[in-house]
Every structure is written in C-alpha cells, then in structure tokens.
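Undergrad: 3D, please:
(one chain, ligands or ions: 2)
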Amino acid sequence: MKKRNDDILPDHKAEAHRTKEMPAPEYGLFAMNDALASLGRGKKYYLRTYGCQANVRDGETIAGMMEIMGYANTEHPEEADVLIFNTCAIRKAAEEHVFGEIGMLKGLKETKPERIFCLCGCMAQEESVVSLIQQKYPQIDLVFGTHNLYRLPDLLQEVIQTKKRKIEVYSEEGRVIEDLPVHRSQSCKGFVDIMYGCNKFCTYCIVPYTRGKERSRRMEDILREVEKLKENGGREVILLGQNVNAYGKDLGMEDGFTDLLIAVAETGIDRIRFYSSSPRDYQESTIQAMQDHPNIMPALHLPVQSGSDSVLKRMARGYTAEEYKQLFDRLKKRIPSITFTTDLIVGFPGETEEEFLATLDLVDYCQFDMAYSFMYSPREGTPAARMDGQISTAEKKKRLAELNAHLTHWAKEKNQKYAGQTVKVLCEGRSKKNADVYSGYSEENKLVNFTSDKECEGEIVDVKITDVKSFSLDGHAL
Ligand code: 5AD
Ligand code: SF4
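TA: Ligands and ions are numbered 1, 2, ... in the order given. Predicted structure coming up:
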C-alpha cells in the first residue's frame, strides 16, 4: 500500500493530558448511508480480540458495525475479506502475540492483495507500535484507536476506495459516544460499560494513556442498555470500568457507583457482576448494597498487585497491604459467601526478595479463590519503565513460579468446600470439548462443568457438585 500524508498518529504526551472539562454524551453520531450499508454485502470479516473485558465489549461494537455493513463473521482468516485485530497493550508479551499472528497471516495478503488488515485497540494508541507498523508491517492497511471506533465504516470505505494505508489515532482525553451498534457474543450474559478511561496513573500501567481520562456514561443510558440486554434474554450483566468505584464522580454524583448498582439491581436482572474495583475507593455503601440485593453476586475481583507497602508506594496504588487486608476482612465478614480474585505483579522495579515475600504473605492471608499473576513488563512512557532496579527475566520467572504454587494451592483448597454442595449455575451452553457436558458459572463465579438430563442453555440451574478441581467444579444438574 502507498503512503499518505493525512494520517493522524498517536501522541503519548497528549494522551497523558487531563483537563477538568467533562464531555457531554454524544447521541446519534453513528450513521449509515446506502453506500456504507452495502459495503460488506457478500463479504466476510474475521475479528480477533485480545485483552480485557473492555476490549471484548469494544469487539462486540466492531462486530455490530461490520454486520450492519453487510459483512458476515468468519472464524477462518483465510475466508475473510477484512481481518481486524483488536489489540491489548498491557504487556509486551500481548503485543508480541499480535505481531506474531499478523506476521503469520502475511501470506493471505499476498494471495489476495485486496484483503484488508486492520489494527485497532490499545496498541494502536502507542507511538512505538504505529511507527513499527509503518516500517515493518506493510500488510496492515488501517490503524484506528480506542477513541474512534465509530469511524470504522468510513475508514474502511476510504481504504477500499483509495487503496492507500490509513492511520487515524486520536490522542484526546476521550468522549462518551452512545448508540453504537452491538453484536453480543453471548445472549445469556453481557458486558455493559459504565465508564471509560482511567485517571489513576499507576506507575506500571499504560491504560491511562491508551484509553484516556475517566469519564462516566449517564445512568439512564446504562440502565437502557441493561433493560435491552434483559429483553433479549440476558440473565447476567457485567458492569465494566477500569475502576468502577469511581463511577459518577465526574458527573458530580457523591456515591455514584452504589446508586448505579442499586438501580441496576432494581431492574430485576438475575445477576450483576462488576469489574474492576479499586481497593482505594471502596465505599461502605457499596458493601451494604451487595448485602441488600441478592442479585448482586457474591464474588469480587479486587486487584492488589503486591503485598509490600514499599512496592505499593512505588506503584502509586494509594493503599497499604494492611488497608487491603482490612477491606478484605470487612467484605468477608459482611458477605460470608463472597469469593475473591485478584491481580498480582512480580518483579516490579527494585522488588527485593523481602518485598516479594510480603506478597506471598498477603496471598496466604487472603487465600484467593483465583488470581491473575504477571511478570512486570516495562511499558514505554510509563514512570516504572524508567525506574532503577529492573529485575531480570530469570528472577521474575522464578518469583512467578513460586507465587503460582501458592495461588494454585489456595485455589484448590478454596474449592474443597463445594464438594457435595448444590450451587446455582447460569448455563452458558455445551462444553466445546465434550458435547455431553454443559458449563457455566456459579454465583460465586466458580466455573462449573456439569451433566444434565434436560437442555438447559441460558437457564439458571441447581447443580450438585460431585468433583472438585483446582480451577473448576464438576457436577450434575438436579
Ligand atoms: N506489567 C505486568 N502486569 C501489568 N498489569 C498492568 N500493567 C502491567 C505491566 N506493565 C496487570 C495488573 C492489572 C492487570 C490488568 O494487568 O495486574 O491489574
Ligand atoms: Fe489491554 Fe488494558 Fe487496553 Fe484492556 S485497557 S485492552 S487490559 S491495555
């Protein structure tokens, strides 16, 4: 593809900028015309989404837009006319994976040059990634960022017409764009964004740069989406934000997240979950709402990152290990059936053996039901990447293995209490590996594989647990 000079490239400095002005929601921005509505007639798209639930939800918007243009989905890249890589920038390994896949699929472009490769999502917001694409990845025709998803139809049309590569990445604080189409990947449960962006600037994290500032959707727009999900057969809603406890602060709401949670609970939807919470902003009223409303599930993802106060300070997390433990204990006492999952990072710059051991201590104290554990990965432009005392990969690997041994031990131990018990499972369908087995999640967010005498997809069923594994439970529907 030829180069062009009207590209808009990411700008890291501008991405870090924060003003006090809050954007008003924009309605009706997404519009189709006849040409766009038939752009994909008879054609197919392949979509690969990496990363967190926010990205998965963006992927569902992308799928919705592609289908309105007439494109049909395919899971086979070789059948596709448009290939979309909706990427994640959180760790280097995630990025290498994306480039590996795009490299592997290069041949598809050679056999059919009119095939279009698009890269979007968080990686597109990075200066270094876009410059690498310009230099080494001629097969990528279209790059757009997290702020201009809604531009996909127009951008695609432009690339098809001009046969020129287009890069359009905005480095703005971010807007709140409503009324985008959505094609949900599951009907029994669905993600609903309640806010976008992040203002926390933890020193290791790229997200405040790639996703802009913290901005909340209006409560009425969120509730409308929840109602629609429910009307379409949804039994569970998962409220999404980088730090949901901060919901509504930008709208002047005093206790916005709790108010929202209660309003969502009052819609009567069977199950409500939310990701991710910050230990820093957890309100007493939120705990009360969880206690008062049985449709708010007793499972909490509460990322801790480290058990060492000095590391937490260098990460700029805004709490100590003791404060985390106190919150943990308070939640556990008030909601006895609650389960906890967390995120942990090993090998943060300067992490000493002693600091690492403090993380193991915290893990043994909290006995998490499950955790996502990561080796620290330096992200260009973040403060931690410039800190002294970067830890070697060999040491990080060693610490990760040690941490994982503790986590696996507790995961298995925590599952033991479900042996012989009956749990309520929202059945998501038949297992891909074995069609005789259904799978779904319990209220406590345990993965349950089970047999059933009746078809039960999309239903909430009582399952008696017969066998316990480290990361799942087996059982039979009653
Ligand atoms: N290196 C390793 N892990 C990271 N995370 C975020 N940034 C980094 C990084 N630079 C982890 C955190 C976060 C989760 C989504 O990813 O644990 O909670
Ligand atoms: Fe990855 Fe973070 Fe972007 Fe989610 S917000 S896709 S985890 S970089």
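Undergrad: which bits of the stretch 101-250 of the chain sit near ligand 1?
TA: Contact residues, the stretch 101-250 of the chain versus ligand 1 (CB under 6 Å from any ligand atom): 204-205. Placement of C-beta: from N, CA and C, glycine included.
Undergrad: how close does Q157 sit to D474?
TA: 50 Å (CB to CB, to the nearest Å).
Undergrad: actually I160, sorry about that
TA: 50 Å.
Undergrad: cool, and Y365?
TA: Taken as CB to CB, the span from Y365 to D474 is 29 Å.
Undergrad: do the same with N55
TA: As judged by CB to CB, N55 and D474 stand 31 Å apart.
Undergrad: the two - which one has more neighbours?
TA: N55 (21 against 16; other CB atoms under 10 Å).
Undergrad: helix, strand, or coil at the more buried one?
TA: Here N55 is recorded as helix under DSSP: H, G, I helix; E, B strand; the rest coil.
Undergrad: got the contact list for it?
TA: Applying CB atoms under 8 Å, 6 or more residues apart in numbering to N55 gives the contacts 49, 86-88, 121-122.
Undergrad: just give the closest residue to E355, not the sequence neighbours.
TA: Distances taken as CB to CB, 6 or more residues apart in numbering place S308 nearest to E355, at 3.8 Å, with adjacent residues excluded.
Undergrad: likewise C88?
TA: Per CB to CB, 6+ apart, closest to C88 is G51, 2.7 Å.
Undergrad: what is the neighbour count of K164?
TA: For K164, the count of nearby residues is 14 (other CB under 10 Å).
Undergrad: what is it paired to in the beta sheet?
TA: Judged by DSSP bridges, the bridge partners of K164 are K2.
Undergrad: tell me where the stretch 301-450 of the chain has strands.
TA: Using DSSP state E, counting those that start in this stretch, the strands of the stretch 301-450 of the chain run over residues 339-346, 370-375, 422-430, 438-442, 447-451.
Undergrad: let's have these in JSON lines, adding mean neighbour count and distance to ligand 2.
TA: As requested, the strands of the stretch 301-450 of the chain are exported to JSON lines (neighbours: other CB atoms under 10 Å; distance: least, CB to the nearest ligand atom, whole Å):
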{"stretch": "strand 339-346", "mean neighbour count": "22", "distance to ligand 2": "10"}
{"stretch": "strand 370-375", "mean neighbour count": "19", "distance to ligand 2": "11"}
{"stretch": "strand 422-430", "mean neighbour count": "19", "distance to ligand 2": "22"}
{"stretch": "strand 438-442", "mean neighbour count": "23", "distance to ligand 2": "21"}
{"stretch": "strand 447-451", "mean neighbour count": "19", "distance to ligand 2": "21"}
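Undergrad: turn the ones you listed into a markdown table, columns for distance to ligand 1.
TA: A markdown table is the format used below for those (distance: least, CB to the nearest ligand atom, whole Å):
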| stretch | distance to ligand 1 |
| --- | --- |
| strand 339-346 | 3 |
| strand 370-375 | 4 |
| strand 422-430 | 23 |
| strand 438-442 | 20 |
| strand 447-451 | 20 |
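Undergrad: in the stretch 151-300 of the chain, which spans are strands?
TA: Taking DSSP E, counting those that start in this stretch to define them, one finds strands in the stretch 151-300 of the chain at 166-168, 189-193, 195-196, 215-216, 236-240, 271-275, 299-301.
Undergrad: just these: most buried one?
TA: By mean neighbour count, with neighbours taken as mean count of other CB atoms under 10 Å, strand 195-196 ranks first of those at a mean of 25.
Undergrad: so what touches it?
TA: Strand 195-196 is contacted from outside by 54, 174, 176, 211-212, 214-217, 241-244, 246-247, using CB under 8 Å, 6+ apart.
Undergrad: show me where the stretch 201-350 of the chain has its helices.
TA: For the stretch 201-350 of the chain, helices defined by DSSP state H, counting those that start in this stretch occupy the ranges 207-210, 219-231, 256-266, 284-292, 309-315, 321-334.
Undergrad: flag every residue of the stretch 301-450 of the chain that's near ligand 1.
TA: Residues of the stretch 301-450 of the chain lying near ligand 1 (CB under 6 Å from any ligand atom): 303, 305, 343, 345, 374, 376-377, 379.
Undergrad: turn those residues into TSV, including distance to P181.
TA: Shown next, in TSV, are these (distance: CB to CB, whole Å):
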residue	distance to P181
P303	31
Q305	36
D343	31
I345	36
F374	33
Y376	38
S377	34
R379	32
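Undergrad: ok, so of these, who is nearest F328?
TA: Nearest to F328 out of these is P303 (CB to CB; 12.2 Å).
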